[in-house]
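pasting the sequence and the predicted coordinates here, then a few questions.
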Amino acid sequence: MGSTKPYFIRAIHEWCSDEGFTPYLAVQVSSRTRVPREFVNDGQIVLNVSLDATHQLQIGNEEISFQTRFNGASFPVLVPVVDVVAIYARENGQGMAFEAGEPDEAEVTGEEVKVGAGETALESDVSEPVDSNTRKSSHLTRIK
């Protein structure tokens, strides 16, 4: 049986768009994620996935892809659905949080993944998850 996660992501994205909100996608960056590394903070990146901010947005069952601009330069973004940790409206914070997916093979073996600048984050850029006991309480619902 497939995951319900991509369906929830599409639903929250559609709800945000219908209500005039800006959908933001919080992503735990892994070696599978293609985002500009200079915008990764503590192993995560938050992306504006509104229809105005993206071009050719595809929210598939396995990955989310689109073109967007970072500091004026066009960049192709690729986010595996398993790496999405939340989708929410910028204006009011309403949305849904998820468990981050399983680590990929390079992270399991500790092998460094070589990439060009602005492509995929290196394993060394990915931080360990924060202990749930030290996190602030969230208004988002975590779905497993």
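Perfect, I can see it now.

so where's this structure uncertain?
Counting by pLDDT under 70, the chain has low-confidence residues at 101-144.

can you give me the strands for it?
Residue ranges of the strands in the chain, as given by DSSP state E, are 23-28, 44-48, 55-59, 63-70, 73-80, 84-89, 95-98, 141-143.

to residue 34, which of those strands lies closest?
strand 73-80 (4.0 Å; C-beta to C-beta). For every residue, glycine as well, the C-beta is placed using N, CA and C.

and that closest one, what's buried?
75, 77, 79, 80 (16 or more other C-beta atoms under 10 Å).

residue contacts, the second one?
With contacts taken as C-beta atoms under 8 Å, 6 or more residues apart in numbering, residue 77 has the following neighbours: 34, 35, 47, 64, 65, 66, 67, 68.

now do 7 Å
34, 35, 47, 65, 66, 68 (C-beta atoms under 7 Å, 6 or more residues apart in numbering).

could you dump those to JSON lines with neighbour count and distance to residue 26?
Putting those into JSON lines (neighbours: other C-beta atoms under 10 Å; distance: C-beta to C-beta, whole Å) gives the following:
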{"residue": "34", "neighbour count": "20", "distance to residue 26": "16"}
{"residue": "35", "neighbour count": "22", "distance to residue 26": "12"}
{"residue": "47", "neighbour count": "22", "distance to residue 26": "8"}
{"residue": "65", "neighbour count": "15", "distance to residue 26": "17"}
{"residue": "66", "neighbour count": "20", "distance to residue 26": "16"}
{"residue": "68", "neighbour count": "20", "distance to residue 26": "15"}
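
and which of those residues is nearest residue 25?
Nearest to residue 25 among the contacts of residue 77, counting by C-beta to C-beta, is residue 47 at 4.6 Å.

and the residue lying closest to the closest one once chain neighbours are set aside, bridged to which residues?
Spatially, and ignoring its direct neighbours in sequence, residue 47 is nearest to residue 25 (4.6 Å; C-beta to C-beta, 6 or more residues apart in numbering). According to DSSP bridges, the partner residues bridging residue 25 are residue 47, residue 87.
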